[in-house]
Each structure stands twice: as structure tokens, then as C-alpha cells.
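Novice: Quick one, what's the 3D model for this:
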Amino acid sequence: MEVRPGYKQTEVGVIPEEWAWKRLGDVASVGSGGTPSREQAAYWGGSIPWITTSQIDFGVIAEAEQFITEEGLKNSAAKLLPPGTLLMALYGQGKTRGKVGVLGIPAATNQACASIALQAGVSREFIFHFLANQYEVIRNASNSGSQENLNGYIVRGIPVVFPSPPEQRAIATALSDVDALLSTLDRLIAKKRDLKQAAMQQLLTGQTRLPGFEGEWEVKRLGDLLTICHGKSQHEVEVDDGAYPILATGGQIGTAKRPLYDKPSVLIGRKGTINQPQYMDTPFWTVDTLFYSAMKEDNSARFLYYRFCLIDWMQYNEASGVPSLNARTIESIEVHCPGPVEQEVIAKILSDMDAELAVLETRREKTRLLKQGMMQELLTGKTRLITPEPTDA
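Specialist: Modelled structure (predicted):
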């Protein structure tokens, strides 16, 4: 592959000519932790934070889920690490392996976490962002075998690029600024979700009434408000370019040439995922694993969708294997319910809150994609934040 002028091919890839590259082990010491014996109660429940790979997720680890004692620390391979230590997950379920994080507190770790202590003068923020950008590459470097894992030898061998210290700082600052925006959006989204959950608890149970409404709510069976209906096989209607989604408990599985139902409806799983109600206000087709509901009289489908969200559906599970619901069981559940007009007003308030959340979540996703693009450009030198010094001809 031809390399453009001013760049060179290295083990890390194509980078600017004046950038260096080294193995991570050349600029850092790599260690691991340990787990005190679970059989010794005296080793657990102390004051020392103890971190596992489940908490390593490309951010600062500010609190622990488990704690060990001084005795547990002394009688295991665990070590107390200072704040600022980089951590990498050596193994773990799903996509955990290869993730990096930064300790924000003094803490020990288990043996599945690699601790990375950088030499003086090496930018921790830059190395953190570089390793995060190399996540897939690092995962692919895992040992082969029955269980793919990383180890200290592999981590020490990771090639790392080194721009000049000022450029390292500039890159790290730019990416950290985007991380700060993502953290702000995460906190705002979490706050909005908590507010919505509180509003649902208050408004959907009648604990808080809206201005202009009075009188007691009636206790009704869900079957008095709607009819639970079975989905049907998609084979008779499925086409590649249908106008109507075919829905199952896992989401859309195809498209149909005609809808099964064309009014606002609440969907609930019959088998499998029974605890995730959905609201549909456009025509659709459902298969046999997903119930839909037909509203009775003027009841609000959106209000009843939110009310469904407050129900612990697993308590109505009727199978010991794959979770299952029965239509008659659903229709027999009793709820306090206002009249249709109050239902609509409550549903409008909650749907407006959902719309605000959707805007924030879209903004966060766009910011995340922006950061990914920045990492690809800045950490490979394709885009430079500092103009390189001219070299003598």
C-alpha cells in the first residue's frame, strides 16, 4: 500500500513520520490483582474498594460494588492501586474483554483486571484514549482456545503511538472535552428518566391528580378496558417490501402486505420477553409470541401502555421454562383507572417526557459517533491539532 508523503507504515498502522511508537510494556508496568478467599468472612466487607471487570467501561471508576478488608488484601494477590491507574479487562463475558478504564479512587482489583502504571512523562489521558480506540484490535490479540483471554504478556506487547508531548496533550484534551459532554448528557438523561419514573408512579396510580379532575378512580379489570388478542402467522402476508412491520417479542422480524391491526395498541409478550410492553400507533402485524390489544370504548392505548409499564409481569409468569403469559390472566389484573379524558391528559404529559428523552438520547448518540470519528482522525495523525515542525531539506 502506498503511503502518502509525511507518513510511514508501522506496526500500529500508518502514522506521521515524526511520531514514534513503542510497546506498552516499554513505558508502563503491567500487573494484575487477586481475589481473597470467599470462605474467609474476615476478608470481605471492609473499607477497601475491590474492582472487577464489570466496572471497566471506558470511563472513570468512582465507586466500588464490593469491598475487602486489610486482612483480605494481605492474604491475597490483590494490591491497593492509586487513583489514576489505568485498568484493562483481561477477560469477561460478552464485550468486556479489552475494555479500559481509569481508577478514580484508591482500590484493589481482581485477577481479571490488568493494572497499567505509566512512567513519568507519559500522558495517561492520551494512552487511555489510544487504548480505547484500539479496543477491537486488542480483543483480537487474545489467546485462542476454549476461552479467549488477554494476559500480561499480550498487554505489555500492545504497540502504542507517541506524538510529541504537546500534541499528546492537545489530542487528550480534545477527546476529554467530548467525554465531558457525554458525561453531562448521561447525567441529564438519567435525571429525566428518574423524573419520568416518579411522574408515572404519581400520575398513573392517582396519588397526584391534575388540575380540573376530581372524583375517585374506579377499580377495573384490564379486561374491562381492552381485549388481549393473539398474533398470527406471518407467512400469508410477509413480503420483502411490505408497508407494515411484522412484530415479535424481539422486535421487527419482517414486513407485511396488510396489517393485522390498524388502531393504537398496547403490545405485550406472550412467550419469552414478557416484561417489555410496547406502544404502537401505526398499523402492524404481530406473530403468535406477541399479544396485541384492542381498546374498549374510548380508553387511551397510550395511557394503558404506561400503566402496563408499572406492572411486574414476571409475577404472572405461567411457565417454569420460557416465560409465558395467558391472555385471560392479563385481562383479570385489577388497576385503578380514571376516565378516558383524564387518561389522555396523563398520557400526553408522559409522552412529552418521552419525547424530551428521545431528543437527548439522539444528541448523545450523535456525540458518541462524533467522538469515534475524532479518535480515528486524531489518534492516527490523519488530522493534526499541532502543525509539525518543518524539517530541513
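Novice: what's the weakest-modelled helix or strand in the protein?
Specialist: Every helix and strand of the chain was ranked by mean pLDDT, DSSP states H and E. The lowest is helix 135-140, at a mean of 92.
Novice: neighbouring contacts of whatever helix or strand comes next after that one?
Specialist: For helix 135-140, the succeeding helix or strand toward the C-terminus, using DSSP states H and E, is helix 152-156. Applying C-beta atoms under 8 Å, 6 or more residues apart in numbering, the contact partners of helix 152-156 are 23-25, 28, 30-32, 88, 90, 114, 116, 141-143. Placement of C-beta: from N, CA and C, glycine included.
Novice: what's the answer for stretch 114-133, then?
Specialist: Contact with stretch 114-133 is made by 24, 27-33, 58, 79, 81, 84-90, 100, 102, 109, 138, 150, 152, 155, 158, 160-161, 163, 165, 168-169, 171-173, 175-176, 375-376, 379, as judged by C-beta under 8 Å, 6+ apart.
Novice: what are the C-alpha coordinates of that stretch, in CSV please?
Specialist: Extracted in CSV, the C-alpha atoms of stretch 114-133 (Å, rounded to 0.1, in the frame of the first residue of the first chain):
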residue,chain,number,x,y,z
ALA,A,114,-4.7,-5.6,34.4
SER,A,115,-3.3,-2.5,36.1
ILE,A,116,-1.2,-0.2,33.9
ALA,A,117,1.1,2.2,35.8
LEU,A,118,2.7,4.6,33.3
GLN,A,119,6.2,6.0,33.6
ALA,A,120,6.6,9.7,34.4
GLY,A,121,6.1,12.0,31.5
VAL,A,122,3.7,9.7,29.6
SER,A,123,0.2,11.2,29.2
ARG,A,124,-2.3,9.0,31.0
GLU,A,125,-5.2,10.6,29.2
PHE,A,126,-3.6,10.1,25.8
ILE,A,127,-2.8,6.4,26.5
PHE,A,128,-6.3,5.9,27.8
HIS,A,129,-7.9,7.3,24.6
PHE,A,130,-5.4,5.4,22.4
LEU,A,131,-6.2,2.0,24.1
ALA,A,132,-9.9,2.7,23.9
ASN,A,133,-9.6,3.4,20.2
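Novice: What residues of it count as buried?
Specialist: Across stretch 114-133, burial judged by 16 or more other C-beta atoms under 10 Å covers 114-116, 118, 122-133.
Novice: Report the rounded mean pLDDT for that stretch.
Specialist: Averaging pLDDT along stretch 114-133 yields 95.
Novice: Mind checking which of the buried residues of stretch 114-133 land in strands?
Specialist: Mapping the buried residues of stretch 114-133 onto strands (DSSP state E) picks out A114, S115, I116, L118.
Novice: Would you mind reformatting the residues you listed (as JSON lines) and adding columns for distance to E17 while you're at it?
Specialist: Rendered in JSON lines, the data for these read as follows (distance: C-beta to C-beta, whole Å):
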{"residue": "A114", "distance to E17": "31"}
{"residue": "S115", "distance to E17": "33"}
{"residue": "I116", "distance to E17": "28"}
{"residue": "L118", "distance to E17": "25"}
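Novice: Give me the neighbour count for A28.
Specialist: For A28, the neighbour count with other C-beta atoms under 10 Å is 22.
Novice: Can you tell me who it pairs with across the strands?
Specialist: Beta-bridge pairing for A28 (DSSP bridges): L118.
Novice: And it, how far from Q201?
Specialist: Going from A28 to Q201 by C-beta to C-beta, to the nearest Å gives 49 Å.
Novice: Please apply the same query to Y279.
Specialist: Counting by C-beta to C-beta, the gap from Y279 to Q201 is 18 Å.
Novice: neighbour count winner among those two?
Specialist: Y279 (18 against 12).
Novice: Can you check which strand is longest in the protein?
Specialist: Longest strand in the chain, counting by DSSP E: strand 44-51.
Novice: so which strand or helix has D26?
Specialist: Assigned by DSSP H and E, D26 belongs to helix 24-27.
Novice: Run through who's touching that helix.
Specialist: For helix 24-27, the surrounding residues in contact (C-beta under 8 Å, 6+ apart) are V30, I116, L118, Q119, V122, I127, V155, R156, G157, I158, P159, V160.
Novice: Please produce TSV containing these, extended by distance to V359.
Specialist: Formatted as TSV, these follow (distance: C-beta to C-beta, whole Å):
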residue	distance to V359
V30	43
I116	38
L118	39
Q119	44
V122	40
I127	35
V155	40
R156	45
G157	44
I158	39
P159	41
V160	38
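Novice: Specify which member of those is nearest to P245.
Specialist: Nearest to P245 among the contacts of helix 24-27: I158, at 44.2 Å, using C-beta to C-beta.
Novice: what number of residues lie near the closest residue to the closest one other than its chain neighbours?
Specialist: Of all residues not flanking I158 in the chain, L24 sits nearest, at 4.4 Å (C-beta to C-beta, 6 or more residues apart in numbering). Neighbour count of L24, defined by other C-beta under 10 Å: 24.
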